[in-house]
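Participant: here you go, sequence then predicted model.
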Amino acid sequence: MSDREEAFDTLAKRYTEETGVPVKFELYAPSEAYAQRVKASAQTNTLPDVFGVLGEKRDFASFINSGYVSELTPDLVANEPGKTTGTWESVLFEKALNVNRFTEGNEYNVKPGVYGIPLDVMTIQMVYNKSLYEKAGLDPNVPPATWEEFMEHGRILKTKGIPGFVSGFGEIWMIDAFASNFAMNLMGQDKVFDTYRGKVAYTDPDWVRVLSLFKEMTENGLFVDGTVTMVNKTAEQTFANGRAAYAFNGSWCINVYKGMNPGLNYGAMLPPKVASTNPMLIWGGAGSSFVVNAKSTRREAAVKFLRWLTDAPQQSYLAEQTVNLPSNKNSLKQIPPVLAQFADDMENTTHPNVYPVHESPVVSEAFDKGIQSILIGEKTPEAVAAEVQKAKEKESRK
């Protein structure tokens, strides 16, 4: 969150003026450097009062089980001090809280409860360049809703010499998110989860169809050159400069595009549906979350500060300054129109952190790297499906 330093510093000063309690934010970039800093601080017992845990749900669980993260459920369900109604939990987006929630019988043996507070929420979907749509003779207010429309619009854009789709597919988690959208839509959540459980093979026709979508995009020339190895920051620059009609990105991109090209004319859209039988589910929920150090001698002060930070005035300020979706439901009134488009699709969100079952990282990596090999024409969808299933069976035998 290094792009929010000025806003955080302003809020820190405001809090000190109101309460007399000093607050200091320390921000690190890139994300990997921050994650390593937090792990090192945990090992030396020097974690700050409030921090964030980056990584998968299992990483979060390991911090909790090691005694570094305080459970916040009692604080969330208690009435706000001085008031007889209204809890902290009631003003926050439930789907954002659920990313930090562990339910009964969870696979990580974490005591059920909520262990983190969302500072903002996000959705990861698609954006399209309205100016390029107009240039191609397409309606800038009607993006494609189905896969067939997406392919047709892509062909029209190509005939006008307009590059199609870009994303940071050099970061394989973005491939995972994009492919997940189509898997959930094509076969439904239950079948996806049964695949993770080993009840459905990756050689199933539905999984081959998901992989074939990437081949179809390649064959239709929809990808911007270099997308398969591109980091997301480069992809964001490409879209911001009008060198791609579509991008797959998260709601945080609005602040990024604002800095790169304030005049960019674009809109948000759900990925195009392949099947009409299931909803198009996108990754979303908590964007950035804070946890409280369970070993801190200032736990109550830290909780009080986080409650203040997620109150409507501070949330509205952060939304205005950083152009991120606020986690407080009462702070959505003054957000920019394109950010509202991301917010409108919050009901379509899911997130790996709330899945009842998870795929092995080894299998997920084989799947995502297999898609990269499809994009460069190295392997067929059928070959990738067979390789992923082989990796799945190998992991199951361990």
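Facilitator: Here it is on my side, so go on.

Participant: next, count neighbours for the residue nearest to V192 when sequence neighbours are not counted.
Facilitator: What sits nearest to V192 in space, not counting adjacent residues and going by CB to CB, 6 or more residues apart in numbering, is A183, at 5.3 Å. Every residue, glycine included, has its C-beta placed from N, CA and C. Residues lying near A183 (other CB atoms under 10 Å) number 24.

Participant: all strands for this protein, in order.
Facilitator: 50-51, 101-102, 113-114, 117-118, 120-129, 165-166, 246-250, 266-269, 282-286, 289-292, 325-326, 349-350 (DSSP state E).

Participant: name the surrounding residues that touch stretch 101-115.
Facilitator: 57-58, 60-61, 64-65, 69-73, 76, 89, 97, 100, 291, 354, 357-358 (CB atoms under 8 Å, 6 or more residues apart in numbering).

Participant: just the buried residues from these, in PyMOL please.
Facilitator: Buried members of the contacts of stretch 101-115, defined by 16 or more other CB atoms under 10 Å, are picked up in PyMOL with:
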select buried, resi 57+60+61+64+69+70+71+72+73+76+97+100+291+358
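
Participant: show me the domain layout of the chain.
Facilitator: Using automatic domain parsing, the domain ranges for the chain come out as 2-119+287-310, 124-283+357-396.

Participant: in helices, which of the contacts of stretch 101-115 fall?
Facilitator: Members of the contacts of stretch 101-115 lying in helices (criterion: DSSP state H): K57, R58, F60, A61, I64, N65, T73, L76, L97.

Participant: ok, the last one to K333 distance?
Facilitator: Distance of L97 to K333, computed by CB to CB, to the nearest Å: 21 Å.

Participant: shaky segments in the protein?
Facilitator: For the chain, applying pLDDT under 70 flags the ranges 80-85, 334.

Participant: could you redo the last one with a cut-off of 50?
Facilitator: Along the chain, the parts satisfying pLDDT under 50 run over 84.

Participant: one step back: winner for burial among the strands of the chain?
Facilitator: Ranked by average neighbour count under the criterion mean count of other CB atoms under 10 Å, the strands of the chain are headed by strand 325-326 at a mean of 30.

Participant: that one - which strands sit beside it in the sheet, and in what orientation?
Facilitator: Using DSSP bridges, strand 325-326 pairs in its sheet with strand 120-129 (antiparallel).

Participant: now do the strand it pairs with against strand 282-286, angle only.
Facilitator: 150 degrees (axes from the mean of the first three to the mean of the last three CA atoms, to 10 degrees).

Participant: got the CA positions of stretch 12-32 in CSV?
Facilitator: The C-alpha trace of stretch 12-32 is given here as CSV (Å, rounded to 0.1, in the frame of the first residue of the first chain):
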residue,chain,number,x,y,z
ALA,A,12,-2.4,9.3,11.6
LYS,A,13,-2.0,13.0,12.4
ARG,A,14,-5.8,13.4,12.6
TYR,A,15,-6.0,10.5,15.1
THR,A,16,-3.3,11.9,17.3
GLU,A,17,-4.9,15.3,17.3
GLU,A,18,-8.3,13.7,18.3
THR,A,19,-7.0,11.2,20.9
GLY,A,20,-3.4,12.1,21.9
VAL,A,21,-2.3,8.6,20.8
PRO,A,22,0.6,8.6,18.3
VAL,A,23,0.3,6.4,15.2
LYS,A,24,3.1,5.6,12.7
PHE,A,25,2.6,3.8,9.4
GLU,A,26,5.5,1.9,7.9
LEU,A,27,4.9,0.9,4.3
TYR,A,28,7.0,-1.4,2.1
ALA,A,29,7.2,-2.3,-1.6
PRO,A,30,7.1,-4.6,-3.4
SER,A,31,4.8,-7.0,-1.7
GLU,A,32,7.4,-9.7,-1.5
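
Participant: re the thing from before, can you tell me which of the domains of the chain is most buried?
Facilitator: The most buried one of those (mean count of other CB under 10 Å) is domain 124-283+357-396, showing a mean of 19.

Participant: for T297, what are phi and psi?
Facilitator: phi -80, psi -10 (degrees, to the nearest 10).

Participant: re the thing from before, out of the ones in helices among the contacts of stretch 101-115, who's nearest Q189?
Facilitator: Q189 has its nearest neighbour among the ones in helices among the contacts of stretch 101-115 in K57, at 16.8 Å by CB to CB.

Participant: leaving out the residues flanking it, which one is nearest to that closest one?
Facilitator: Nearest to K57 is N353, by CB to CB, 6+ apart, at 4.7 Å.

Participant: about what we covered before: widest-spaced pair of the ones in helices among the contacts of stretch 101-115?
Facilitator: Among the ones in helices among the contacts of stretch 101-115, R58 and L76 lie farthest apart (CB to CB), at 23.2 Å.

Participant: what does stretch 3-21 contact?
Facilitator: Outside of stretch 3-21, the residues within contact range by CB under 8 Å, 6+ apart are 1, 22-25, 27, 255-256, 259, 301, 305, 308-309, 314, 317-318, 321-322.

Participant: reformat the strands of the chain as JSON lines; add distance to M151.
Facilitator: Formatted as JSON lines, the strands of the chain follow (distance: least, CB to CB, whole Å):
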{"stretch": "strand 50-51", "distance to M151": "45"}
{"stretch": "strand 101-102", "distance to M151": "39"}
{"stretch": "strand 113-114", "distance to M151": "42"}
{"stretch": "strand 117-118", "distance to M151": "36"}
{"stretch": "strand 120-129", "distance to M151": "14"}
{"stretch": "strand 165-166", "distance to M151": "11"}
{"stretch": "strand 246-250", "distance to M151": "12"}
{"stretch": "strand 266-269", "distance to M151": "15"}
{"stretch": "strand 282-286", "distance to M151": "20"}
{"stretch": "strand 289-292", "distance to M151": "38"}
{"stretch": "strand 325-326", "distance to M151": "30"}
{"stretch": "strand 349-350", "distance to M151": "25"}
